[in-house]
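Engineer: need a structure here:
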Amino acid sequence: MPLLLTSINGNPNIGLYGFANSSFALLGNEVSQSTAEEIAKVLKVRVHRMTIAGTPLVGAFVAGNDHNIVVPDIIFDSELRTLDRADIPYKIIPTKLTALGNNILCNNQGALVHPEFSADVKKMIRQALAVTLHPGTIAEIPTVGSVGIGNRWGILLHRDATKAEQQHVQTLFGVPCETATINRGSPYLRSGVICNDQGMVVSDQSWGPEIGFIDESLFLRKQ
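Structural biologist: As a prediction, this is how the structure comes out:
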């Protein structure tokens with residue numbers, strides 16, 4: 001499994017700067033060109049550097065899967081033009097919960113979302129991503145996208161996720177689900193990982209056993 005250990009300008013919270021699916025990756029404009037090229041090789045996708053709402057925190061604001069991505073309505077017109085030029089499909093979501101990457105955990109089959117999304121917004125997200133969608137929390141945390149990572153092979157959740165939550169996510173997403181940490185014990189998995197079905201980029205501050213367990217759960221157990 002291709003793996004890159006890195007940081008972004010010394011910041012181990014690399015997941016805040018990027019989103020990836022099986023076709024492309026979006027990276028914040030503070031990610032250097034050389035690092036972006038390394039990420040492209042590891043994830044085996046085309047890479048686009050940009051901002052969302054004028055910030056480099058692309059991973060915090062963008063969620064999605066291989067069907068589509070969703071972006072908040074605070075995105076700038078110039079940023080939408082960047083997506084259009086790259087021929088990337090997207091759906092604009094009007095919500096006060098603008099950090100969609102932190103508030104949506106999904107793969108190609110299911111999505112778990114912040115319980116305070118309105119019914120209309122949940123419908124928009126469900127239709128955009130073409131998934132079964134449920135609202136919920138993980139370890140009593142509503143920002144479910146910040147405490148989970150996954151791909152078509154598996155899902156990993158906050159270390160304090162209950163067995164009931166793991167079973168629910170496993171059923172919703174259709175893949176095995178376990179708990180893990182990143183960045184030397186942090187339960188906020190999304191902050192330390194950018195992954196897709198082809199590879200993963202992991203914070204270089206993470207412990208070896210953390211990296212090994214994520215590798216085993218998301219790649220070595222391919223169905």
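Engineer: measure Ala60 to Ala25 for me?
Structural biologist: Distance from Ala60 to Ala25, counting by CB to CB, to the nearest Å: 15 Å. The way it works is simple: take the backbone N, C-alpha and C, and place the C-beta from them, glycine included.
Engineer: repeat for Asn9
Structural biologist: Noted for Asn9: a distance of 18 Å to Ala25, by CB to CB.
Engineer: out of these two, which sits in the more crowded spot?
Structural biologist: Legend: neighbour count by other CB atoms under 10 Å for Asn9 and Ala25, higher for Ala25 (24 against 10).
Engineer: spatially nearest residue to that one (excluding sequence neighbours)?
Structural biologist: Val47 (4.7 Å; CB to CB, 6 or more residues apart in numbering).
Engineer: cool, and Thr95?
Structural biologist: Nearest to Thr95 is Val121, by CB to CB, 6+ apart, at 5.0 Å.
Engineer: neighbours around Val71, how many?
Structural biologist: Using other CB under 10 Å, Val71 has 27 neighbouring residues.
Engineer: what about it, distance to His168?
Structural biologist: Val71 is 27 Å from His168, by CB to CB.
Engineer: ok, now Phe61?
Structural biologist: In this view, Phe61 and His168 are 26 Å apart by CB to CB.
Engineer: looking at the two, which one has more neighbours?
Structural biologist: Phe61 (26 against 18).
Engineer: show me the contacts for that one.
Structural biologist: Contacts for Phe61 were tallied using CB atoms under 8 Å, 6 or more residues apart in numbering; they are 52-53, 55, 71-72, 75, 98-101.
Engineer: the closest residue to Gly174 other than its chain neighbours - how many residues pack around it?
Structural biologist: Excluding the flanking residues, the one nearest Gly174 by CB to CB, 6+ apart is Gln109, at 4.5 Å. When neighbours are counted by other CB under 10 Å, Gln109 registers 15.
Engineer: dihedrals phi and psi, Gln109?
Structural biologist: Phi and psi for Gln109, reported as degrees, to the nearest 10, are phi -110, psi -40.
Engineer: Arg49 now?
Structural biologist: When quoted as degrees, to the nearest 10, the phi and psi of Arg49 stand at phi -90, psi 140.
Engineer: which residues of the chain score low on pLDDT?
Structural biologist: 221-223 (pLDDT under 70).
Engineer: can we see that at 90?
Structural biologist: Low-confidence segments of the chain, defined by pLDDT under 90: 1-2, 220-223.
Engineer: what residues of the helix or strand containing Gln166 count as buried?
Structural biologist: According to DSSP states H and E, Gln166 maps onto helix 163-173. Judged by neighbour count using 16 or more other CB atoms under 10 Å, the buried positions of helix 163-173 are 165-166, 168-170, 172-173.
Engineer: do stretch 93-100 as well
Structural biologist: Neighbour-count burial for stretch 93-100 [16+ other CB under 10 Å]: 93, 95, 97-100.
Engineer: keep only those of the residues you listed that are in helices.
Structural biologist: Among these, the members falling in helices (DSSP state H) are Leu100.
Engineer: in CSV, list the buried residues of stretch 93-100 along with distance to Ile211.
Structural biologist: Listed next are the buried residues of stretch 93-100 as CSV, based on distance: CB to CB, whole Å:
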residue, distance to Ile211
Ile93, 33
Thr95, 34
Leu97, 31
Thr98, 31
Ala99, 26
Leu100, 27
